[in-house]
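Asks: what shape does this take:
(2 chains)
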There are 2 protein chains.
Amino acid sequence: MDSERKPVELDPKVAMGLLIHAEFGRVAFVADGLPTIRPLNHAVFEGRILVHTGHASVFAEAVRAQPGLEVAYQVDEIKPHSRLGWSVLVAGTAVDVTGERGAEQLGKRVQSWINRPLDTVIAIKPRTVTGLRLTIGD
Amino acid sequence: MDSERKPVELDPKVAMGLLIHAEFGRVAFVADGLPTIRPLNHAVFEGRILVHTGHASVFAEAVRAQPGLEVAYQVDEIKPHSRLGWSVLVAGTAVDVTGERGAEQLGKRVQSWINRPLDTVIAIKPRTVTGLRLTIGD
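Replies: Residues are numbered from 1 along each chain as shown, chains lettered A, B, ... in the order given. Next comes the predicted model:
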């Protein structure tokens, strides 16, 4: 019998744990009526996903234009050959917290994906956190 | 002087070439009014990005409900420590091509991310293909 990759649904707490230990993900949101994706580094603090970005980035502009913008944030770690690993998906809302006390310090814990001026801290508040782990089964 | 990661915009043809040689990406789309992301394997054929998925998947359902659904497809290869690498972003529209001649054979060239019944082939027609490469500069 062939062994098959078997998807196992993750407990939301386990999924959140994987997210906390990861540093890099992708945010999806709607800008100018069209879905788009941006790769980002993140840190999780008090249940919120914090990303540090530039004032002029498409993501920062979309969040300023619509505070509480609906977003999806996805993180995965999948081995190219076996394609074993996991994927975690967060659905939630994003707000600009740049002016909030402590936001600047928190933002500095998040390294930028690219070296551009970082002056905006966005917090994503998860509504749901789901995940799958792929393991070998029969 | 510190060396810095420097983003270099990719020519669309180079970006498409990176996409062709990759096998794995993430599609973002709007389902039930909310943005979401799904990891997928893909193959590029005649300028279209083909993914093989299940009839009951959220992505297949969204495309059937709205042929020509607006999507973003993103592929990256970024080293965890140096964070050097590249990211390619496609904006385009998705249609179910399951019934089209040759679609089944083409679909079989795309391995599933997870082992679930695959009976639906979705084609993403790119409108724009953009990309960034991160290199070390001064």
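Asks: and the residue of chain A that's closest to chain B?
Replies: residue A:28 (3.6 Å; Cβ to the nearest Cβ). C-beta coordinates here come from the backbone N, C-alpha and C atoms, glycine included.
Asks: which strand residues bridge the closest residue to that residue other than its chain neighbours?
Replies: Counting by Cβ to Cβ, 6 or more residues apart in numbering or on different chains, residue B:28 is the residue found nearest to residue A:28 once chain neighbours are left out, at 3.6 Å. Beta-bridge pairing of residue B:28, defined through DSSP bridges, involves residue B:37, residue B:72.
Asks: now do residue B:28, the pLDDT please.
Replies: Note on residue B:28: pLDDT of 98.
Asks: that one reaches residue B:34, doesn't it?
Replies: No - using Cβ atoms under 8 Å, residue B:28 is not in contact with residue B:34; the gap is 11.0 Å.
Asks: those two - which one has more neighbours?
Replies: When neighbours are counted by other Cβ atoms under 10 Å in any protein chain shown, residue B:28 and residue B:34 differ, and residue B:28 comes out ahead with 28 against 15.
Asks: ok, the more buried one to residue A:34 distance?
Replies: Per Cβ to Cβ, to the nearest Å, residue B:28 is found 10 Å from residue A:34.
Asks: anything in contact with each of the two?
Replies: Shared contacts of residue B:28 and residue A:34 (Cβ atoms under 8 Å, 6 or more residues apart in numbering or on different chains): residue B:72.
Asks: contacting residues around the residue nearest in space to the middle of chain A?
Replies: The structure's chain A has its C-alpha centroid closest to residue A:73; by Cα atoms, centre = their mean the separation is 3.6 Å. Taking Cβ under 8 Å, 6+ apart, we find residue A:73 in contact with A:25, A:26, A:27, A:28, A:42, A:49, A:89, A:90, A:92, A:124, A:126, B:37.
Asks: for chain A, which strand is longest?
Replies: As assigned by DSSP state E, the longest strand anywhere in chain A is strand A:120-137.
Asks: what lines up beside that strand in the sheet?
Replies: strand A:4-9 (antiparallel), strand A:48-53 (antiparallel), strand A:85-96 (antiparallel).
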